[in-house]
Each structure stands twice: as C-alpha cells, then as structure tokens.
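**Student:** Sequence first, predicted model second:
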Amino acid sequence: MFARRTARRALVTLFALATAWPIATGGAAASRTATVPANLLGVWHKTMTKAEWDHAGVYRDVGVYTFVVKKNGTVTVYLPGDYRASCGNSCSEDFTTTFRPRARRLTLGSVPVCSFKGLYRWHLVGRTLVVKPLADSKCVVRETFFGGRWKR
C-alpha cells in the first residue's frame, strides 16, 4: 500500500514537472531548434489578383504582398504598399505566422482565417520561391495566398 502511494506521488510529481518545464523555460528549447535555412530567409513578394482572392472566397486588397521570414521561423505579412526596406519595425503589418521547414517540406502556422497548420513543399528556382500545398485544402485562403511563386 505504502509503495503504491509513493509510486503514485512520484508519477504525479513527474507529470507536474513535465508540464511545467516548457512554461518555466519560456519555450527556449523549441525556439533554439526552429531555425530556417538561410536561402529561405528574407523578403519575398507576390502579386495577388482579384481572381485569386475570389477563388479563395474572400475580399482582400489586390496588389503586391510582401512577407519577411526570420531565422526563428516568424513570418510577417504586409499588405500591398505597406512594406519598405527602410521602415524596420515601423511598417504596418497585416499578420504574422510561422514557417517550420523540414527538408523540402514546410509547415505553415495558423493565419487569421485558419487556426490550424498546413503542410507545403518548397523549393527555389534562382530568386523565386515556389510553394505548393500538400495538405491544406481546408484553408483555401492560406493555400491561395502562400501557394505559388514568390520573388526576392
């Protein structure tokens, strides 16, 4: 009886420590391992047309969108005309998400219209980033926006 109670306390303690550890470390282990390859970092541009937004079933601005990929996987998206290289952190951003690359696959984080992740394939052709959806058919907006060709 005593051994069973002691074992149960040990399991409860281990469980409590395991669940509290990521909070106590501030997710440091996750952020250290989430690095983006150098050739995916930086500023990317793509023109979105009315037809593409109509296909996605949303009304959004037409024009050249920009996103910036940082080494930790944070992706900041800017509306047409809102990004300038000289504005630093003062540009008005549309939304942020995450890129988690693994080999040639890319997991995209949630976006304002989809609270779940999507899986994509990516490759570079010169200064063009080609992104193709693999498993994101439930989020047509993200699929339409991020899918396709992005230029440096």
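**Tutor:** Good, I have the coordinates. Here the structure is a predicted model, which is why all the values come from computation and not from measurement.
**Student:** Dihedrals phi and psi, Phe146?
**Tutor:** Per-residue torsions, Phe146: phi -80, psi -30 (degrees, to the nearest 10).
**Student:** Would you mind listing where the protein has pLDDT under the threshold?
**Tutor:** For the chain, the stretches flagged by pLDDT under 70 are 1-34, 88-89.
**Student:** Look up how far Ser90 lies from Phe145.
**Tutor:** Going from Phe145 to Ser90 by CB to CB, to the nearest Å gives 24 Å. All C-beta spots, glycine's among them, are computed from the backbone N, C-alpha and C.
**Student:** Those two: who's more crowded?
**Tutor:** Neighbours per residue (other CB atoms under 10 Å) separate Phe145 from Ser90, with Phe145 holding more: 23 against 7.
**Student:** Which residue would you name as the spatial centre of the chain?
**Tutor:** Taking CA atoms, centre = their mean as the criterion, Thr98 is the residue nearest the geometric centre of the chain, at 1.9 Å.
**Student:** and it, what is it in contact with?
**Tutor:** Each residue near Thr98 by CB atoms under 8 Å, 6 or more residues apart in numbering is listed here: 34, 73-75, 107-109.
**Student:** Repeat that for Asp94.
**Tutor:** Counted by CB under 8 Å, 6+ apart, Asp94 has contacts 65, 77-79, 82.
**Student:** still on that earlier bit, distance-wise, check the residue nearest to the centre of the chain relative to Thr107.
**Tutor:** Distance, Thr98 to Thr107, by CB to CB: 8 Å.
**Student:** Tell me the most packed of the contacts of Asp94, by neighbour count.
**Tutor:** Going by other CB under 10 Å, Tyr65 tops these with 23 neighbours.
**Student:** Verify the assumption that that residue is located in a helix.
**Tutor:** No: counting by DSSP: H, G, I helix; E, B strand; the rest coil, Tyr65 is located in no helix; its state is strand.
**Student:** Show me what it is bridged to.
**Tutor:** With DSSP bridges as the criterion, Tyr65 is bridged to Lys46.
**Student:** In strands, which of the contacts of Thr98 fall?
**Tutor:** Counted as lying in strands by DSSP state E, out of these, are 74-75, 107-108.
**Student:** That concludes my questions; thank you for your assistance.
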